[in-house]
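*Asks:* could you look at this predicted model? Sequence included:
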Amino acid sequence: MNGPGKGAQVQSMFDRIAPRYDLMNKLMTFGQDQRWRRFVVDKAAVEAGNAFLDLASGTGDIAFEIRRRNLEAEITAGDFSQGMLEMGKTRPQGETLSWVQCDAMSLPFAEEHFDGVTFGYLLRNVENIPKALQEVRRVLKPGGRVVCLDTTPPRGFFKPFINAYLKLALPILGKLIAGDASAYSYLSQSTLTFETPQDLQAAFEEAGFTRVKYRTFMMGSIAVHWGEKG
């Protein structure tokens, strides 16, 4: 899924796998996905009265964790896939979030509206990473926080084993659980060809974010980046 048609293809894919997406996340990450999302919210440092955008929200895992910790925050869950949003709305406390279908390349929000923006697995699915980061920066208030959760290409001693899991096991699991091997073949390939943590840090800095740092998880195959609008 490359080129100018990537957005529509990604949107259609996530609509298809929405009913089984949460279950697949738990299975393919061996239950570690919630730990990473809690770390994202730790770095977001949400305060009462803050306005937060959880972009590429899916069914709202990060958004719901923000709500759990802060009942007074204004939380918007935005995603390209209407199917994902519809699943999220049915979850407990779904009515406490604002659900907005949106394109990360052209966000339908005013400049400097949000105190923070979080996103999980957004950047590997967009056509233009710098443009997406510019849009995130545009809607953030000065000093606002950004936190990104995404995959990274495997490296080091465990690289051959992780590669085998991504290329062989994950599509089979996707076929058995979600009924869609092609979607999980794409997700595997998008992991293997994505930016390194160092390159992604540089992309955040080039977009104008400051104090950018990151931490890796799961033998270096997952990274969380965070920073501020400079």
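*Replies:* Structure received. Residues are numbered from 1 along each chain as shown.
*Asks:* the helix or strand hosting Gly143: partners in the sheet, and parallel or antiparallel?
*Replies:* Assessed by DSSP states H and E, Gly143 sits inside strand 140-151. Sheet pairing of strand 140-151 (DSSP bridges) gives strand 114-120 (parallel), strand 222-229 (antiparallel).
*Asks:* what about Gln34, helix or strand, and which?
*Replies:* Gln34 belongs to helix 33-44, assigned by DSSP H and E.
*Asks:* and Phe217, how many neighbours does it have?
*Replies:* Using other Cβ atoms under 10 Å, Phe217 has 17 neighbouring residues. All C-beta spots, glycine's among them, are computed from the backbone N, C-alpha and C.
*Asks:* and it, what is it in contact with?
*Replies:* 32, 35-36, 39, 223-224 (Cβ atoms under 8 Å, 6 or more residues apart in numbering).
*Asks:* return the member of those residues nearest to Gly60.
*Replies:* Each of the contacts of Phe217 was checked against Gly60 using Cβ to Cβ; the closest is Trp36, at 15.3 Å.
*Asks:* pretty sure the closest one sits against Leu149.
*Replies:* Yes: judged on Cβ atoms under 8 Å, Trp36 makes contact with Leu149 at a distance of 5.7 Å.
*Asks:* what's the helix or strand for Leu187?
*Replies:* Short version, using DSSP H and E: Leu187 is in helix 181-192.
*Asks:* the helix or strand following that helix to strand 222-229, inter-axis angle?
*Replies:* Once the chain leaves helix 181-192, the next helix or strand it forms, by DSSP H and E, is helix 197-206. With axes from the mean of the first three to the mean of the last three Cα atoms, to 10 degrees defining the directions, helix 197-206 sits at 20 degrees from strand 222-229.
*Asks:* how far does the next helix or strand after helix 197-206 sit from the chain's center?
*Replies:* For helix 197-206, the following helix or strand on the C-terminal side (DSSP H and E) is strand 209-217. Average the C-alpha atoms of strand 209-217, do the same for its chain, and the two points are 15 Å apart (Cα atoms, centre = their mean, to the nearest Å).
*Asks:* flag every buried residue along strand 209-217.
*Replies:* Using 16 or more other Cβ atoms under 10 Å as the test for burial, strand 209-217 gives 209, 212, 214, 217.
*Asks:* okay, that strand in CSV with CA atoms only?
*Replies:* C-alpha atoms of strand 209-217 as CSV (Å, rounded to 0.1, in the frame of the first residue of the first chain):
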residue,chain,number,x,y,z
PHE,A,209,8.9,19.6,18.2
THR,A,210,11.4,20.0,21.0
ARG,A,211,12.6,17.8,23.9
VAL,A,212,11.9,14.7,21.7
LYS,A,213,12.8,11.4,23.4
TYR,A,214,11.8,7.8,22.9
ARG,A,215,11.8,4.4,24.6
THR,A,216,11.6,1.0,23.0
PHE,A,217,9.7,-2.1,24.1
